[in-house]
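S.K.: Okay, here's the prediction I keep looking at, along with the sequence it came from:
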Amino acid sequence: MFLSVAAQEEEKTLLHKKYRLTKRKQFNYIYRKGRSAHGDILTLVWCGGNVRDVKVGFSASKKVGNSVKRHRAVRLMREAVKPYLSRMAHNNSYIFIAQEGITAKHLDEVKAQVEKVLTKPGLLV
């Protein structure tokens, strides 16, 4: 299948569908049953389950800011998580929750926080 240049660029930036949490039910289950690790600008909630691969979701509440700031926070977290997908413990589902101040940070700072909250509980393989 041939993709246009714009479609190829979009494919590079998106998180592959097999790694995404999509349903509200999935998020609620992880919030209820999961454990958490806190960083300065984000929180990680994870839960072991009956998934074969890593499943990742992102959340930003209205405390982060208006819709533009919330979307920026989600994009930052998504890009920061991508390099760690292959090293994250399998059979787990993860939700990264943005905290206030994340939109003022640079991508490198967000990547450092992602690594910190993943290594603290030993979730990086």
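M.R.: Received the coordinates, thanks.

S.K.: Flag the shaky bits of the protein, pLDDT-wise.
M.R.: Within the chain, the stretches falling below the threshold (pLDDT under 70) are 1-14.

S.K.: Mind doing that once more with 90?
M.R.: 1-20, 22, 48-54, 86, 89-91, 124-125 (pLDDT under 90).

S.K.: can you map out the helices along it?
M.R.: 5-13, 24-33, 67-81, 107-119 (DSSP state H).

S.K.: Let's have those in a markdown table, adding distance to His90 and mean neighbour count.
M.R.: Backbone N, C-alpha and C define where each C-beta goes, glycine included. Output for these, formatted as a markdown table (distance: least, C-beta to C-beta, whole Å; neighbours: other C-beta atoms under 10 Å):
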| stretch | distance to His90 | mean neighbour count |
| --- | --- | --- |
| helix 5-13 | 23 | 9 |
| helix 24-33 | 16 | 14 |
| helix 67-81 | 15 | 18 |
| helix 107-119 | 13 | 18 |
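
S.K.: which stretch among those comes nearest Val51?
M.R.: Closest approach to Val51 among the helices of the chain (C-beta to C-beta): helix 24-33, 9.2 Å.

S.K.: ok, back up a step: put together CSV for the helices of the chain, with distance to Asp53 on each row.
M.R.: Shown next, in CSV, are the helices of the chain (distance: least, C-beta to C-beta, whole Å):
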stretch, distance to Asp53
helix 5-13, 19
helix 24-33, 13
helix 67-81, 14
helix 107-119, 16
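
S.K.: out of these, nearest to Ala89?
M.R.: Using C-beta to C-beta, the nearest of the helices of the chain to Ala89 is helix 107-119, at 8.8 Å.

S.K.: what's in contact with the closest one?
M.R.: For helix 107-119, contacts defined as C-beta atoms under 8 Å, 6 or more residues apart in numbering pick out 37-44, 76-77, 79-81, 83-84, 88, 96, 102, 105, 124.
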